[in-house]
Structures are given as structure tokens and as C-alpha cells.
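1. build me a model:
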Amino acid sequence: MKILIVEDEPKAIEYLKAGLTEQGWTVDIAPDGQEGAFMVREFTYDVIVLDVMLPKIDGFELLRMIRSRSQTPVIMLTARDHVNDRVRGLREGADDYLTKPFSFIELVERLIALTRRCRVQESTLVQVGDLSVDLIGRRASRGSVRLDLTAKEFQLLSLLARRKGEILSKTVIAEMVWDMNFDSNTNVIEAVIKRLRNKLDGSSDAKLLHTVRGMGYVLEERDDRANT
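-> Got it, this is the predicted structure:
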């Protein structure tokens with residue numbers, strides 16, 4: 001899942017980005033409200049973490065702008081502990097509120113709860129042939145065998161599973177799974193694809209992860225069971 005963090009404190013940015021990346025999230029950072037507004041206009045996110053005290057455009061103003069465009073879940077972070085600020089944030093359209101300092105584990109659980117709530121009409125279990133991908137539980141299995149995947153491998157598999165049957169280019173994969181400025185000409189994507197394919201398809205005759213030369217990759221069940 002993809003998250004935007006709008007925060008101006010360098011230490012908080014470093015802490016949140018490192019922790020959430022380890023949890024398997026794709027993380028974008030905006031260091032001020034103006035940059036946050038640009039990111040919200042240009043990209044789509046599963047959830048937004050928004051600080052109240054921001055340079056250029058404060059968190060409340062940015063929240064109003066977000067709500068004028070979408071219902072993307074927003075959790076607000078602030079050093080303030082006044083009830084009026086929390087109430088104002090919720091009235092302006094925030095879905096949740098955490099006061100600094102906060103527990104990282106609590107933040108992660110709240111983020112998961114928000115995205116789960118937002119996806120009530122979207123299946124959280126994707127099936128491709130005998131492959132099952134649990135998007136919320138972050139588990140995948142092929143038949144009765146649980147797949148032992150790294151965070152990046154699961155991110156890649158979940159992206160391919162949600163868009164099963166659709167050919168995804170390296171550029172799209174780089175933006176959705178890695179940082180948006182990731183150089184898609186490197187061999188990192190190919191390396192992760194290779195590892196994922198070995199774990200997913202192994203020696204099975206029914207291959208699910210296919211390479212479409214010159215175009216990208218696709219996850220689908222094929223009748224001819226050709227290994228591409």
C-alpha cells in the first residue's frame with residue numbers, strides 16, 4: 001500500500017519512512033504543506049499521515065483541500081495535546097488523530113484499521129488460480145503451501161494480484177513498489193521478479209508470473225501453461 005507522510009521534522013521523517021518501509025509500505029514524503037498539496041493532486045494514496053504544524057500551508061488547510069478532492073483516509077499527527085485541536089481536525093475531516101510522541105506500533109495498527117475500513121467494498125483476498133493473496137493479513141499461499149516472502153516480494157505480488165491479467169511495465173512497478181524516482185533501468189526489479197517467480201512457481205507446471213517481452217510482467221493463469 002502507498003502512503004504519503006506530510007511532515008517537516010527531519011528526525012520524524014527519517015523514523016517514519018524507515019519504519020513504514022520495513023513494514024512493506026511504499027512511502028512518499030512531503031516536507032511542507034505546499035509540497036503535500038502537489039503530491040495529493042498528482043498521485044493516489046491509500047492513506048495520508050498529516051502533521052498539523054507545517055510551513056507554507058498548515059495541516060488544517062491541507063486537510064480541507066484533500067477533502068475537497070477525495071475521501072482518502074487521513075491520520076493527523078501533532079505535538080499539540082489540546083482537545084480543541086483534536087476536535088477541529090476531526091471536524092475538518094480527519095479520520096484519526098495521534099499526539100506526539102506516539103507509539104510506532106499504535107500508528108501502524110491505526111493505519112491498517114483505516115485502510116481496512118476504506119476497502120470494505122474491495123476484496124481483501126485475491127485469488128489467481130490456486131494462488132491466494134491476503135492483502136490485509138499480508139500472507140500468500142500456493143495451494144496449501146505458504147509462501148515465505150520478503151516485504152518487497154509481497155508488495156510486488158500484491159500489486160500484480162490486484163491487477164491480475166494486466167501487463168505492468170517496469171516504470172509502473174517502480175513507482176508503486178519502490179520510490180517514484182526509482183531508476184527502472186536497473187536490474188533490481190528483475191532480481192526481485194526472479195526471486196518471486198522461484199518462490200511462486202517453483203517447479204509447478206502451472207506458471208502464474210509471466211514476462212511479456214518489451215512490455216513488462218503479468219500475473220495470470222494460462223491454459224497453455226507456457227513458461228515465459
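2. need phi/psi at residue 99.
-> phi -100, psi 130 (degrees, to the nearest 10).
3. same thing with residue 221?
-> Here is the backbone geometry of residue 221 (degrees, to the nearest 10): phi -90, psi 130.
4. helix or strand: which one has residue 34?
-> Using DSSP states H and E, residue 34 falls within helix 33-42.
5. which elements pack onto that helix?
-> With contacts defined as 3 or more C-beta pairs under 8 Å, 6 or more residues apart in numbering; DSSP states H and E, helix 33-42 has these neighbours: strand 2-6, strand 26-30, helix 59-69. No exception for glycine: its C-beta is placed from N, CA and C like everyone else's.
6. just the CA atoms of it, as PDB, please.
-> Extracted as PDB, the C-alpha positions of helix 33-42 are listed here (Å, rounded to 0.1, in the frame of the first residue of the first chain):
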ATOM      1  CA  GLY A  33       2.000  21.800   3.100                       C
ATOM      2  CA  GLN A  34       2.600  23.200  -0.300                       C
ATOM      3  CA  GLU A  35       4.600  20.100  -1.400                       C
ATOM      4  CA  GLY A  36       1.900  17.900   0.200                       C
ATOM      5  CA  ALA A  37      -0.800  19.700  -1.800                       C
ATOM      6  CA  PHE A  38       1.100  19.000  -5.000                       C
ATOM      7  CA  MET A  39       1.600  15.300  -4.100                       C
ATOM      8  CA  VAL A  40      -2.100  14.900  -3.400                       C
ATOM      9  CA  ARG A  41      -3.000  16.400  -6.700                       C
ATOM     10  CA  GLU A  42      -0.600  14.300  -8.700                       C
END
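7. please compute how far it lies from its chain's middle.
-> Remark: helix 33-42 is offset 17 Å from the chain centroid, using C-alpha atoms, centre = their mean, to the nearest Å.
8. and for stretch 213-223?
-> In this view, stretch 213-223 has its centroid 22 Å away from the chain centroid, taken as C-alpha atoms, centre = their mean.
9. buried ones in it, by neighbour count?
-> Under the neighbour-count criterion of 16 or more other C-beta atoms under 10 Å, stretch 213-223 has 216, 217, 218, 219 buried.
10. now the lengthiest helix in the chain: average pLDDT?
-> Ranked by number of residues, the top helix in the chain under DSSP state H is helix 104-118. Helix 104-118 shows a mean pLDDT of 82.
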